[in-house]
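Peer 1: Build me a structure from this.
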Amino acid sequence: MEHVYFFGYGSLVNRTTHEHTPAHRARLHGWRRAWRAVPERALCYLTAVRDPDAHIDGLIAPVPGDSWAELDRREGAYDRHDATHSLTHDSDAHAVVVYAIDPGRHSDPGPDNPILLSYLDVVVAGYLAEYGPGGPAQFFDSTLGWQAPILDDRAAPRYARARPLTDEIRTLTDAGLAALGSRIIAAA
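Peer 2: The predicted structure follows:
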């Protein structure tokens with residue numbers, strides 16, 4: 001049976017946050033990853049924005065049958081967009097969607113729209129597992145919106161799919177943020 005696949009570029013790159021298999025590395029052309037603010041949430045969302053000169057490395061995996069409801073709940077702020085003809089991958093996927101926030105609903109983040117550090121650690125872990133040591137560096141370099149402050153919630157993670165933090169992930173995340181000159185704020 002043929003399934004529609006999703007393309008993940010944030011926490012969905014981390015295979016420990018979902019059970020969709022088999023997963024394959026993939027590249028989405030004509031899109032860029034960006035941190036964005038939305039009116040109904042104080043925290044930043046990671047989304048894909050159209051950019052004809054960019055690409056995003058990520059992961060694709062099938063969504064069998066009627067199991068879209070669970071993934072749609074997880075990606076509740078996003079709309080599904082057909083990405084089938086914008087991807088390169090080594091799988092038998094014939095149809096792929098990417099979740100992205102409608103451009104009319106998001107804006108550049110500001111000082112009141114922090115990025116959860118616990119979420120960022122999960123994304124970095126996923127890129128390390130899939131793309132090796134260069135994966136996290138490429139993630140930091142190719143993502144827009146780093147002017148948002150980073151909310152240090154590691155002691156009490158607020159991100160629902162937070163994973164145990166290793167010294168390697170802590171070091172990679174902290175080094176990436178230091179290179180960007182990110183402002184870290186303490187969780188209240």
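Peer 1: Could you find the closest non-adjacent residue to the residue nearest the centre of the chain?
Peer 2: Nearest residue to the geometric centre of the chain (C-alpha atoms, centre = their mean): G10, 1.3 Å. Using C-beta to C-beta, 6 or more residues apart in numbering and skipping residues adjacent in sequence, the residue nearest G10 is L46, 4.2 Å away. For the C-beta atoms, the positions are set from N, CA and C on the backbone; glycine is no exception.
Peer 1: Helices along this protein, start to end?
Peer 2: Chain-ordered helices for the chain, with DSSP state H as the definition, fall at 68-74, 117-131, 134-142, 167-180.
Peer 1: so what pLDDT did the spatially closest residue to Y127 that is not a sequence neighbour get?
Peer 2: Take Y127 and drop its neighbours on the chain: the residue closest to it by C-beta to C-beta, 6+ apart is G135, 3.6 Å away. Among the per-residue scores, G135 shows a pLDDT of 97.
Peer 1: Run through the residues that contact G135.
Peer 2: Contact partners of G135, counting by C-beta atoms under 8 Å, 6 or more residues apart in numbering, are D57, Y127, L128, A129.
Peer 1: Got a quick ChimeraX command for the buried subset of those residues?
Peer 2: To isolate the buried subset of these in ChimeraX, counting by 16 or more other C-beta atoms under 10 Å, use the following:
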select :57,127,128
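Peer 1: what about this protein, any weak spots by pLDDT?
Peer 2: Of all residues in the chain, those with pLDDT under 70 make up the ranges 1-2, 66.
Peer 1: and which of the contacts of G135 is nearest L177?
Peer 2: Each of the contacts of G135 was scored against L177 by C-beta to C-beta, and Y127 proved nearest at 14.3 Å.
Peer 1: Tell me the spacing between G110 and D57.
Peer 2: Applying C-beta to C-beta, to the nearest Å, the value for G110 to D57 is 28 Å.
Peer 1: Next: L46.
Peer 2: Between L46 and D57 the distance is 14 Å, computed by C-beta to C-beta.
Peer 1: Name the residues contacting each of these two.
Peer 2: Counting by C-beta under 8 Å, 6+ apart, the shared contacts of L46 and D57 are Y9.
Peer 1: Okay, angle between the lengthiest strand in the chain and helix 117-131 too, please.
Peer 2: Counting residues, the longest strand in the chain under DSSP state E turns out to be strand 41-63. Interaxial angle of strand 41-63 relative to helix 117-131 (axes from the mean of the first three to the mean of the last three C-alpha atoms, to 10 degrees): 30 degrees.
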